[in-house]
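Undergrad: give the three-dimensional model of this entry:
(one chain, ligands or ions: 1)
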Amino acid sequence: MLLNMKEMLNKAKENKYAVAHLNINNLEWARFILEECEANSSPVILGVSEGAARYMGGYDVVACIVKSLIKDLEINIPVALHLDHGSTFEACKSAIDAGFTSVMIDASRFELDENIRITKEVVNYAHPKNVTVEAEIGHVGGEEDGIANELMYAKVDECIIFASETNIDFLAPALGSVHGLYKGEPKLDFERMLEIKEKTNLPLVLHGGTGIPDEMIRKAIECGICKINVNTELQIAWSKAVREFLDANEKVYDPRKIIKSGEVAMKEAIKAKLTLLQSINKK
Ligand code: 13P
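TA: Below you'll find the predicted structure:
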């Protein structure tokens, strides 16, 4: 069932749990994730970066793949198809026009006023089409940062203005997480997270889920996080297994066998995340 994220994340907010956002890169990733989430009766948000959409051929290709997999594999769990870090109004529009049910506009590189202006433009286009909108404030760094510095953290007063002026559905405030692997332990600002949740009353999103210890994920959920984004962790699990398979099977050249050799490891990594989130859900 392809849905937007509204009900999924509002329910998560009410009941203090989080839904997994897992990034897809190709047909097989979408398939492995959908199958594992279905097997665990867990809703899922399929995140697609602009780069991943380009890699797959475009937003229409992605939407067709996901819709067709849901139909042919008889997937019954709630699934959202979400543009991850859309950098412009045009990218968000293309994803929406192709059938994505949710988009993230990430104009966090701009000053607050410009971030608000671009985000509003996306909200005005998305909402009449029943598409939900996530937006970022502060700056979630990349692997080159390894650990967030104070300048990257979202400011509470800016979050309040941003939320009330843009009418977004979900807020991704940068609070110490980075994409990719951390250099040392992440320094999430839980106090600020809770304050932002209370003052904006929006479901919050945690980017850079890879490498955040389970205890911190639990605490983040208590402080208002309703969606956890995970990408690198699945890539590492998959590529390690494929590398081992290729080393052990030098004569194999069938791409189906090669890509599939990462399936079990990737599904195990997905299951571990879902099990963690479900254990919090049951409390
Ligand atoms: P990781 O790659 O660090 O798991 O982050 C994923 C993410 O935040 C996608 O938006």
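
Undergrad: please state the offset of the helix or strand hosting E165 from the chain centre?
TA: Taking DSSP states H and E as the criterion, E165 maps to helix 156-166. In terms of Cα atoms, centre = their mean, to the nearest Å, the centre of helix 156-166 is set 21 Å apart from its chain centre.

Undergrad: the residue nearest to M104 when sequence neighbours are not counted and the ligand, how far apart?
TA: Once flanking residues are discounted, M104 sits nearest to E134: 4.2 Å by Cβ to Cβ, 6 or more residues apart in numbering. C-beta: built from backbone N, CA, C; applies to glycine. E134 is 10 Å from the ligand, where distance means Cβ to the nearest ligand atom, to the nearest Å.

Undergrad: so which residues of the stretch 51-200 of the chain form strands?
TA: 79-86, 102-105, 132-137, 170-173 (DSSP state E, counting those that start in this stretch).

Undergrad: can you list contacts of the helix holding E165?
TA: When contacts are defined by Cβ atoms under 8 Å, 6 or more residues apart in numbering, helix 156-166 is touched by residues 112, 115-116, 119-120, 123, 135, 137, 168, 171, 173, 192, 195-196, 199-202.

Undergrad: centroid-wise, who is the farthest residue in this structure?
TA: K251 (36.9 Å; Cα atoms, centre = their mean).

Undergrad: next, the contact list for I75, please.
TA: M1, L34, E38, L69.

Undergrad: mind checking how far it is from C37?
TA: Computed as Cβ to Cβ, to the nearest Å, the I75 to C37 distance reads 8 Å.

Undergrad: what of A241?
TA: 19 Å.

Undergrad: also E195?
TA: Where C37 is concerned, E195 sits at a distance of 32 Å (Cβ to Cβ).

Undergrad: who's more crowded, those two?
TA: The neighbour count for E195 versus C37, taken as other Cβ atoms under 10 Å, is higher for C37 (25 against 16).

Undergrad: give the rounded mean pLDDT of the helix holding E165.
TA: Across helix 156-166, the average pLDDT comes to 97.

Undergrad: residues of that helix that come out buried?
TA: V156, E158, C159, F162, A163, E165, T166 (16 or more other Cβ atoms under 10 Å).

Undergrad: again, but for stretch 190-210
TA: Under 16+ other Cβ under 10 Å, the buried positions of stretch 190-210 are 190, 192-197, 200, 202-210.

Undergrad: let's see which of these end up in helices.
TA: When these are checked against helices (DSSP state H), the matches are F190, R192, M193, L194, E195, I196, K197, T200.

Undergrad: once you drop chain neighbours, what's closest to the fifth one?
TA: Right, E195. Nearest residue to E195, sequence neighbours excluded (Cβ to Cβ, 6+ apart): V156, at 5.4 Å.
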